[in-house]
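Chemist: 3D model of this:
(chains A and B)
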Amino acid sequence: MTNLADLNTVDLSAIKLTLELASLTTGLLLVIGTPIAWWLAHTQSRLKGMVGAVVALPLVLPPTVLGFYMLVVMGPQGPVGHLTQALGLGLLPFTFPGLLLASVLYTMPFVVQPVQNAFEAIGERPMEAAATLRAGPWDTFFTVVVPLARPGFLTAAILGFAHTVGEFGIVLMIGGNIPGKTRVVSVQIYDHVEAMEYTQAHWLAGGMVVFAFLVLFALYTFNNSVNRARG
Amino acid sequence: MIRLLLVSLALLGASALALAGEVQVAVAANFAVPMQQIAADFEKDTGHKAVVSAGATGKFYAQIQNGAPFEILLSADDATPAKLEQEGIAVPGSRFTYAIGKLVLWSAKPVFVDDKGKVLKEGKFAHLALANPKTAPYGAAALEVLKNLGLLDTLSPKFVQGENIAQTQQFVATGNAELGFVALSQVQKDGELTGGSAWFVPGNLYKPIRQDAVILAKGKGNAAATAFMDYLKGDKAKTVIKSFGYTL
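Modeler: Take a look at the predicted model:
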């Protein structure tokens, strides 16, 4: 008979690490991604197409491409590696900050695009109205735009979090499989399967299925109710 | 003249096709590079084609158990082929040792690893790469070496694990790990180190890595599979295998 006790401390530390990575990635991306989404939603610049394409690249590229380049670029001979060493930070591969950086890049489109869509849907009129009421740009942003774009932010946060949890290829390539530092759940499942520890693999893999379903279920239910409320 | 040439080419192609078969070979990652050369020679000499997949032995084991289409396994150990034979997934009596692997401690930097392996005791590095000991025999051998040196506990916090021995080498080759335990075959060609610095780990620190080949149930009765096993035992293949630092 199998029970939760089959999840050993290594599994639990993988779950904890995954949740930390996903939370931090989501938080960072909401901070970094919002200005990018704002710019993309409002700019008339000819660079818009290019920046949009760069942000969307991880949607199209296999994780191995990103993983390979990150390994080379963040390595001792790479430009980022030179920089982090010069700053006394050491090298990023095999570290949690390295994984975080990879996750932020890899998950960027899942956060930027929903927020950008929300900004575009709001249009210019509410901001013009706020301006005539003498609201400053920051005031307008936080009291008018953010509440109106709330569904977009929520979608972005949920997708960003879920996508980071589901990351595997890049982590495998730059993580080095270190317990408590870079061994996330997806890698731990792979390890269990390879070592024929199917019981433990089932617990973690089944947990992932339930998690993914609940996240998407919540997202779709919420979006439907918002759409209905807006008529 | 051209037509004659075309006709004879077509005939030649047809006759080769009639005889040529194909065999799916799963190869332990440490043997991937020698295998490329052997597969090319094999095709040239026999007309049969070997389709090669390289990866971790443990992964292949799980895949073969679950119906993977491989016909031959060139394992990184002798336990896996024996287990497959016991479980009735490999052809009994087809097993033999095609190479005995050697473990090296290797760094991409020219004078980082000394020829006595003292660098391990000094511990002046951030990352020591090894293959996942649970699934890769070279990883298990690395663990055994560290245990015998009494360094396992002090060095395990510095471990970075490759999914297989090829990824382990890649961690070291890119310099992200300063040094790591890899297969000699990965860093030696024609009897010489291809770069960096290395400690050839003495054989008394780990059990010999006997690498066995076996015909799998899916390859039973495939003439190309039998031909490949014979070819692997032949002198030409042996010369290639030795040139990569394996013993036999």
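
Chemist: nearest residue to the residue in chain A positioned nearest to chain B in space, please, no chain neighbours.
Modeler: With CB to the nearest CB as the measure, A:Gly176 is the residue of chain A nearest to chain B, at 3.0 Å. For glycine as for every other residue, the C-beta is placed from the backbone atoms N, C-alpha and C. Nearest in space to A:Gly176, with sequence neighbours left out and distances taken as CB to CB, 6 or more residues apart in numbering or on different chains, is B:Val160 at 3.0 Å.

Chemist: any idea how far the helix or strand hosting the one you found is from the middle of the chain?
Modeler: Per DSSP states H and E, B:Val160 falls inside strand B:159-162. Computed by CA atoms, centre = their mean, to the nearest Å, the separation of strand B:159-162 from the middle of its chain amounts to 18 Å.

Chemist: and stretch A:89-98, by the same measure?
Modeler: 18 Å.

Chemist: what are the contacting residues of it?
Modeler: A:17, A:21, A:70-71, A:74-76, A:80-81, A:84-85, A:101, A:174-176, A:178, A:181-182, B:126-127, B:160, B:171, B:176-177 (CB atoms under 8 Å, 6 or more residues apart in numbering or on different chains).

Chemist: show me what counts as buried in it.
Modeler: A:90-96, A:98 (16 or more other CB atoms under 10 Å in any protein chain shown).

Chemist: quick one on the thing from earlier: which neighbouring elements make contact with the strand holding B:Val160?
Modeler: In terms of contacts (3 or more CB pairs under 8 Å, 6 or more residues apart in numbering or on different chains; DSSP states H and E), strand B:159-162 is packed against strand B:128-131, helix B:165-173.

Chemist: out of those, which is closest to A:His42?
Modeler: Among the helices and strands packed on strand B:159-162, the nearest to A:His42 by CB to CB is helix B:165-173 (43.2 Å).

Chemist: show me which residues of chain B sit near chain A.
Modeler: Contact residues, chain B versus chain A (CB under 8 Å from any CB of the partner chain): B:56, B:58-59, B:61-62, B:126-127, B:129, B:132, B:134-135, B:159-163, B:167, B:170-171, B:174-177.

Chemist: restricted to buried residues, select the residues you listed in PyMOL.
Modeler: Typed into PyMOL, the line below selects the buried ones among the residues of chain B next to chain A, using 16+ other CB under 10 Å:
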select buried, chain B and resi 56+58+59+61+62+127+129+132+134+135+159+160+161+162+163+167+170+171+174+175+176+177
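
Chemist: counting neighbours, what do you get for B:Leu184?
Modeler: B:Leu184 is flanked by 22 other residues according to other CB atoms under 10 Å in any protein chain shown.

Chemist: hang on, it packs against B:Phe244?
Modeler: Yes: judged on CB atoms under 8 Å, B:Leu184 makes contact with B:Phe244 at a distance of 7.4 Å.

Chemist: picking that back up, ok, now which ones touch the residue of chain A closest to chain B?
Modeler: Neighbour list for A:Gly176: A:93-94, A:182, B:127, B:129, B:159-162, B:171, B:177 [criterion: CB under 8 Å, 6+ apart].

Chemist: roughly how far apart are B:Ser94 and B:Ile72?
Modeler: 9 Å (CB to CB, to the nearest Å).

Chemist: please enumerate the shared neighbours of those two.
Modeler: Both B:Ser94 and B:Ile72 are in contact with B:213-215, B:229, where contact means CB under 8 Å, 6+ apart.

Chemist: in what helix or strand does A:Ile189 lie?
Modeler: Per DSSP H and E, A:Ile189 falls inside helix A:185-194.

Chemist: return the alpha-carbon coordinates of that helix using CSV.
Modeler: What follows is helix A:185-194 as a C-alpha-only set of coordinates in CSV (Å, rounded to 0.1, in the frame of the first residue of the first chain):
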residue,chain,number,x,y,z
VAL,A,185,9.8,18.6,-9.0
SER,A,186,9.9,18.0,-12.8
VAL,A,187,13.6,16.9,-12.5
GLN,A,188,12.9,14.8,-9.5
ILE,A,189,10.1,12.9,-11.4
TYR,A,190,12.5,12.3,-14.2
ASP,A,191,15.1,10.9,-11.7
HIS,A,192,12.5,8.6,-10.1
VAL,A,193,11.4,7.3,-13.5
GLU,A,194,14.9,6.7,-14.6
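
Chemist: need the residues that contact it.
Modeler: By CB under 8 Å, 6+ apart, helix A:185-194 touches A:10-11, A:14-15, A:18, A:165-168, A:171-172, A:175, A:177, A:183, A:198, A:200-201, A:204-205, A:207-208, B:56, B:58-59, B:62, B:132, B:134-135, B:163.

Chemist: which among those count as buried?
Modeler: Among those, those classed as buried by 16+ other CB under 10 Å are A:11, A:14-15, A:18, A:165-168, A:171-172, A:175, A:177, A:183, A:200-201, A:204-205, A:208, B:56, B:58-59, B:62, B:132, B:134-135, B:163.

Chemist: take the residues you listed and keep only those in helices.
Modeler: A:11, A:14-15, A:18, A:165, A:171-172, A:175, A:200-201, A:204-205, A:208, B:58-59, B:62 (DSSP state H).

Chemist: interface residues of chain A facing chain B?
Modeler: Residues of chain A lying close to chain B by CB under 8 Å from any CB are A:71-72, A:74-77, A:81, A:90-91, A:93-94, A:172-174, A:176-178, A:190-191, A:193-196.

Chemist: low-confidence ranges in the chain?
Modeler: In the absence of a named chain, chain A is used. Chain A contains residues with pLDDT under 70 at A:1-7, A:230-231.

Chemist: correction: the question concerned chain B.
Modeler: Low-confidence segments of chain B (pLDDT under 70): B:1-19.

Chemist: in it, which residue sits closest to chain A?
Modeler: Closest point on chain B to chain A, by CB to the nearest CB, is B:Val160, at 3.0 Å.

Chemist: so what's that residue bridging to?
Modeler: Under DSSP bridges, the beta-bridge partners of B:Val160 are B:Ala129.

Chemist: go ahead and confirm it touches A:Ile178.
Modeler: Yes: applying CB under 8 Å, one finds B:Val160 in contact with A:Ile178, separated by 6.2 Å.
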